[in-house]
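J.: next input, structure requested:
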Amino acid sequence: MNAPLAPSWVDLRQVSVRYGRVQALDQVSLCITPGERVALVGANGSGKSTLLRVLHGLADAAGGGFQCDATLQQAMLFQRPHMLRTSAQNNVALALWLRGTRWRDARLQALTALQRVGLQGIAAQNARTLSGGQQQRVALARAWALRPDVLLLDEPTASLDPHAKREVEALMADFAASHSAAGPAHPVTMVFSSHNLGQVKRLASRVIYMEHGRLVADLPVHDFFNGPLPEAARLFVKGELV
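T.: Down below sits the predicted model:
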């Protein structure tokens with residue numbers, strides 16, 4: 001008898017997205033189960049950001065089917081996170097307050113979250129005056145404070161200097177190794193786009209290569225970097241396709 005299939009967090013079937021004349025996603029089918037660490041790779045314009053937006057409900061999908069476990073809480077980080085013109089602590093606390101936490105408690109929990117990412121010393125500083133790396137860490141603190149089951153990240157280290165990249169990547173690894181608010185039996189699911197193949201090797205358990213809005217390869221991380229690939233994906237891994 002075959003083992004029962006693991007319940008999926010999200011299941012896409014032949015989903016497409018068009019922006020005017022641009023076909024951003026073209027009949028994408030994808031299933032992700034809780035606890036996976038999925039990296040989206042491909043050239044600029046391949047559809048990675050659009051796919052993340054579809055997964056987070058920020059882009060409307062045309063045709064096909066879209067099923068998502070609505071009981072799982074999600075958070076998304078963008079390449080350039082939006083910071084309100086207030087303190088770093090308040091930027092984190094506001095997300096908790098919007099979830100129903102009392103403001104006093106939200107500020108206390110925000111301070112704990114900033115401590116988790118090593119930014120307790122700048123809690124009172126205006127978040128918009130922080131460096132790019134610090135802002136990304138504030139955004140991670142904001143996500144961690146919400147204890148989501150699913151974390152989506154769109155090129156989270158693309159615009160950062162090498163030191164800030166290492167800091168944010170370490171926090172991503174720490175986040176993925178933790179568990180959600182549901183408890184130890186519920187590891188965090190992480191889906192992130194990246195051009196940094198070293199980062200993909202270090203953080204992902206599964207790699208999806210995209211091209212012109214289509215999923216061209218979908219493999220465990222070891223197989224992606226060591227096994228046969230479609231030609232475009234092979235050239236991308238070798239650095240010959242940008």
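
J.: going by C-alpha atoms from here, please, whenever you check contacts or count neighbours.
T.: Fine.

J.: show me what contacts residue 109?
T.: For residue 109, the residues meeting the contact criterion (CA atoms under 8 Å, 6 or more residues apart in numbering) are 93, 145.

J.: quick check on it: phi, psi?
T.: Note on residue 109: its backbone torsions stand at phi -70, psi -30 [degrees, to the nearest 10].

J.: gap between the closest residue to residue 106 other than its chain neighbours and residue 33?
T.: The shortest distance from residue 106 to any non-neighbouring residue, by CA to CA, 6 or more residues apart in numbering, is to residue 93 (4.8 Å). As judged by CA to CA, to the nearest Å, residue 93 and residue 33 stand 30 Å apart.

J.: tell me the domain ranges of this structure?
T.: 10-83+130-237, 84-129 (automatic domain parsing).

J.: and those domains as JSON lines, adding mean pLDDT?
T.: Shown next, in JSON lines, are the domains of the chain (pLDDT from 0 to 100):
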{"stretch": "domain 10-83+130-237", "mean pLDDT": "89"}
{"stretch": "domain 84-129", "mean pLDDT": "95"}
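
J.: quick one, strands of this protein?
T.: 10-19, 22-32, 37-41, 65-68, 74-77, 150-154, 189-193, 206-211, 214-220 (DSSP state E).

J.: distance to residue 84 and mean neighbour count added to those, as a markdown table?
T.: Formatted as a markdown table, the strands of the chain follow (distance: least, CA to CA, whole Å; neighbours: other CA atoms under 10 Å):
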| stretch | distance to residue 84 | mean neighbour count |
| --- | --- | --- |
| strand 10-19 | 28 | 17 |
| strand 22-32 | 30 | 18 |
| strand 37-41 | 29 | 26 |
| strand 65-68 | 30 | 15 |
| strand 74-77 | 15 | 20 |
| strand 150-154 | 19 | 23 |
| strand 189-193 | 24 | 26 |
| strand 206-211 | 33 | 23 |
| strand 214-220 | 35 | 17 |
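
J.: which among those strands is found nearest to residue 138?
T.: strand 74-77 (10.4 Å; CA to CA).

J.: and that closest one, what other elements does it pack with?
T.: helix 132-146, strand 150-154 (3 or more CA pairs under 8 Å, 6 or more residues apart in numbering; DSSP states H and E).

J.: show me what the last one packs onto, helices and strands only.
T.: When you say that, I think you mean strand 150-154. Using 3+ CA pairs under 8 Å, 6+ apart as the test, strand 150-154 ends up in contact with helix 48-55, strand 74-77, strand 189-193.

J.: same thing but 10 Å
T.: strand 37-41, helix 48-55, strand 74-77, helix 132-146, helix 162-177, strand 189-193 (3 or more CA pairs under 10 Å, 6 or more residues apart in numbering; DSSP states H and E).

J.: and what of the first one?
T.: In this structure, helix 132-146 makes packing contacts with strand 74-77, helix 88-98, helix 103-116, strand 150-154, helix 162-177, judged by 3+ CA pairs under 10 Å, 6+ apart.
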